[in-house]
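Novice: using only what follows, build the 3D model:
(3 chains)
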Amino acid sequence: MKGLFELYRQQMKTSFAAMLQYRAALVIWLISQVLDPVIYLVVWSTVSAASGGEVGGYTRGDFAAYFLVLMLVNNITYSWIMHEYEYRVREGVLSAALLRPVHPIHADIADNLSSKMISTPGMLLVAVALGFVFRPTFHLVPWAAAAFIPAVALAFLLRFLLEWTLALAAFWTTRVSALNQTYFVALLFLSGQVAPLALFPRFVQAIGAALPFRWMIAFPVELLLGNLTPPQALIGFAAQAAWIAAGLVLMRFAWRAGVRQYSAVGA
Amino acid sequence: MRALRLMWTFFRIGVMGEAAYRVNFVIQLFQSLLGLLTALGGLAVVFTYTDTLGGWRPDEVVALVGVYILVGGVIGVVIQPSMEALIEGVHDGSLDFTLTMPEEAQLLVSIQDVDIWEVLNILLGFGVLGVALSRLGEQVGALQAGVFALMVLAGGAIVYSFWLILATLSFWFVRVENILVIFQSVYEAGRWPVSLYPGWLRFGLTFLVPVAFAVTVPAEALTGRLTWQTGLGAVGLAVALLVVSRIVWRVGLRQYSGASA
Amino acid sequence: MVGPQAYNPLLMSTPAIHLHELTKVYTVPEREAGVAAALRSLIHRKTEDVRAVDGISFDLAPGEVVGFLGPNGAGKTTTLKMLSGLLHPTAGSLSVLGFTPWKRERAFLRQITLVMGQRNQLVWDIPALDSFELNRAVYRVPAADYQRTLHELTELLDLGPLLKKPVRNLSLGERMKCEIAAALLHRPQVVFLDEPTIGLDVTMQRRIRTFFADYNQRFGATLLLTSHYMNDVEALCRRVIVIHEGKLLFDGDLAALLQRFSSHKTIVVQLDTCPDTLTGYGEVVSCEDGLVTLRVPKAETSRTTARLLADLPVIDLTVEDPPIEEVIERVFAQEAE
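Specialist: A predicted model of the protein is given here:
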């Protein structure tokens, strides 16, 4: 355990130092993560204005609150690991990771977290600034607000685990972009990034309940906004735990299979 | 003339290079359809709760989506791959090869890479556009089609200049590949009529990242919303940006080759 | 000053390449390790000046084949980039075929070519022949000339079976041959070669050297070749220019350089233990754990090797050329005298 902590610390130090070299890149990532929620926020605000001030129980202020919190949660849970693995396999640079006596997922998590240390505070600032523009209305509930922290942490773990496992598809095909995109489209709709899940037709919500996406982003958001009852929150945590467990099994299996499959591409 | 013949040569090479990967056709088709699905899915949800969006009727927004896909294809066919190749060329030094060639460097780097499968998006965009316009019951006359084409050209020129300026930044800054992500994500905003966005955002989407000129303005031309001021402004801006980007390119080259300021 | 100036009757005519006090200074950011320094560098970037090329001068006559030697980072590639118009010099003057390279005039670019080892200009996924078409279009080579040159290059480089294969399916050596052909399709008068044999196996290196020697014979092109392999230069060049830390150390006859500064060979012998005395075989440079390094005059090499093998319980023995750095050290040392 101590060895793992040390590994994380060192990995994050190197990632951190490397990152500070490239100030421009950080700003650019932030911008792209801000724009999507803002776009949908604007669209739904327009719809609610045209529909007598509210849509499905969400007022303009509610939409603002929803999408701004979503922006933050998305940033916290975000990873680029799928693109990263496509790159690694394509360039044949995986060998170094394979030779290490530690599971490579740790280095990747550390890398991800160290970039969040910069981007998340930045995102928070942007969200606050946008709050002045879009005037969100919050109905905070103390226990839900407290439960938000573990919910977000679990959401990050879940999302990273699943995306990391999916990233391993790069071992079998260099054409992972199609797979990645399918994943992102499903994620887009079913994690609540297009609209609060309650606004979707019943059958879509039913599909979404069977998939992990809701627990990656929408669940923590709904929790913080005070839209969930305690039983619903418990179900949410249980779902997160279950999907994480399933993810761990899948990940181990996929990694072992992937290593066997691995052959350097692009010598 | 010569530039066109050179472009044709590069295009042929691009086709040859890609034709080797037939599976890319399927993948691109799949991705294009996914993109369309995303756009239409979003529209479907939104329009269950309202009849118009910022004054645009549903089929008009579908037409906008058609233009969005079409222009996306135009950008993706040659502008985006070439500019990405330019940035890579700065990194791995292969730009040096281009610079020792006895041709206008800006031309060479602008047409050096072709993604032939993006033509699928151009076709798909036209298809969606056609369906939307027929559902609207609108007849598109020759004049309107001409203005539309002109707006697409102006938008394309504006986007090209924008990309060139961004790509040229790689002469000064190292990790500029992410700058390409910025356009792709900001371009997303073009799926919706720019008039929806609050003033400051609309300004950004018009003058900072020229999405409005790329997508909304041509769509306005087709749905009878285009004012002559906007049309004229688009053409004027296109010309101005072509000039500015050329200047930036030349300054960037001087920087790359270590000429004193 | 520098070593003996090359006596070259060809220089009576206008030089193909002319450099005078050419200088290139780079400003590079520098930073110490550690997170604190990283944060500090966010606000204030420290820089330092690197004199990559420091006032070098030489002339090349048309048709000469000259080797440009030096260790890594000596300034060879920087000089070549300035000569091909890719870099602006900081100071000094230069001209190639009467042109100022950094002006990048079309007429100039059409007459030169730059071949860089391990760098690709060929399009990856298509046969080399198709990439050649691109160069043909860009350099505006007339169809008849193109066919003739292609035929000759195919013959000289043995390209026949390679041209129709996608470049990504070629081995490194085959790819290099195609890259060279692509670079020569427009029959340039001046050819800049930047480490053309780096990373290639010994056989391929030799083939490429032979090719360029033939090419120079046939077409009379001026060749300027940089390398940190002595062998490249020995095979191709009568004249060498040695550069070290941006400054010219030697410009003259290769034979003279070798004679004077590379007159010794290194013999490395692996024994069980270091013997107490080891005289009579040559200068003992070092002995550690039984690994003896000897420095012997070239003429004595085979005799000394035979004696070592006969007299001592040799486990392993290798004969090496002194590394280029050593040769240069000696040139440097000679300067100091």
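Novice: okay, CA-based contacts and neighbour counts for the rest of this
Specialist: Fine.
Novice: neighbours of C:Arg218, how many?
Specialist: A count of neighbours around C:Arg218, defined by other CA atoms under 10 Å in any protein chain shown, yields 9.
Novice: so what's residue 134 up against?
Specialist: I went with chain A, as the question did not name one. Listed by CA atoms under 8 Å, 6 or more residues apart in numbering or on different chains, the contact partners of A:Phe134 are A:61, A:64.
Novice: chain C was what I was after
Specialist: Here C:Leu134 is in contact with B:9-10, B:13 (CA under 8 Å, 6+ apart).
Novice: any chance of those residues in JSON lines, plus neighbour count, pLDDT and distance to C:Leu156?
Specialist: Formatted as JSON lines, the contacts of C:Leu134 follow (neighbours: other CA atoms under 10 Å in any protein chain shown; pLDDT from 0 to 100; distance: CA to CA, whole Å):
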{"residue": "B:Thr9", "neighbour count": "18", "pLDDT": "85", "distance to C:Leu156": "28"}
{"residue": "B:Phe10", "neighbour count": "22", "pLDDT": "85", "distance to C:Leu156": "28"}
{"residue": "B:Ile13", "neighbour count": "22", "pLDDT": "81", "distance to C:Leu156": "26"}
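Novice: in helices, which of the residues you listed fall?
Specialist: B:9-10, B:13 (DSSP state H).
Novice: tell me the one of these nearest chain A?
Specialist: B:Ile13 (21.0 Å; CA to the nearest CA).
Novice: on the secondary structure side, give me the element for the spatially closest residue to that closest one that is not a sequence neighbour.
Specialist: Distances taken as CA to CA, 6 or more residues apart in numbering or on different chains put C:Asp130 closest to B:Ile13, at 7.2 Å, once the chain neighbours are dropped. In the assignment (DSSP states H and E), C:Asp130 maps to helix C:128-139.
Novice: go on, C:Ile180?
Specialist: helix C:172-184.
Novice: other SSEs contacting that helix?
Specialist: strand C:112-116, helix C:128-139, helix C:143-157 (3 or more CA pairs under 8 Å, 6 or more residues apart in numbering or on different chains; DSSP states H and E).
Novice: can you give the contact residues for it?
Specialist: Helix C:172-184 has contacts (CA under 8 Å, 6+ apart) with C:113-115, C:117-118, C:120-122, C:128, C:131-132, C:135, C:150, C:153-154, C:157, C:159, C:162-163, C:167, C:200-201, C:204, C:208.
Novice: what ranges does the stretch 1-150 of chain A have for its strands?
Specialist: A:54-55, A:58-59 (DSSP state E, counting those that start in this stretch).
Novice: ok, and what's touching the last one?
Specialist: Outside strand A:58-59, the residues that touch it by CA under 8 Å, 6+ apart are A:45, A:48, A:53.
Novice: burial measure for the nearest residue to the first one once chain neighbours are set aside, as a count.
Specialist: Same thing as A:Ser45. Closest residue to A:Ser45 apart from its sequence neighbours, by CA to CA, 6+ apart: A:Arg60 at 5.3 Å. A:Arg60: 24 surrounding residues under other CA under 10 Å.
Novice: quick check: A:Arg60 touching A:Glu54?
Specialist: Yes: with contact defined as CA atoms under 8 Å, A:Arg60 and A:Glu54 form a contacting pair (6.7 Å).
Novice: ok, and the closest non-adjacent residue to the residue in chain B positioned nearest to chain C?
Specialist: Residue of chain B nearest chain C, by CA to the nearest CA: B:Ser257 (4.1 Å). Spatial nearest neighbour of B:Ser257, chain neighbours left out: C:Leu87 (4.1 Å); criterion: CA to CA, 6+ apart.
Novice: circling back: who wins on neighbours among the contacts of strand A:58-59?
Specialist: Busiest of those [other CA under 10 Å] is A:Ser45, holding 25 neighbours.
Novice: isn't that residue up against A:Ala65?
Specialist: No: contact criterion CA under 8 Å: A:Ser45 and A:Ala65 do not qualify, at 11.4 Å.
Novice: so for the helix or strand that contains C:Ser93, mean pLDDT?
Specialist: Using DSSP H and E, the element containing C:Ser93 is strand C:91-96. On average, the pLDDT along strand C:91-96 is 93.
Novice: tell me how far the following helix or strand past it lies from the chain's centre.
Specialist: Moving toward the C-terminus from strand C:91-96, the next helix or strand (DSSP H and E) is helix C:106-109. A distance of 24 Å separates the centroid of the chain from that of helix C:106-109, by CA atoms, centre = their mean, to the nearest Å.
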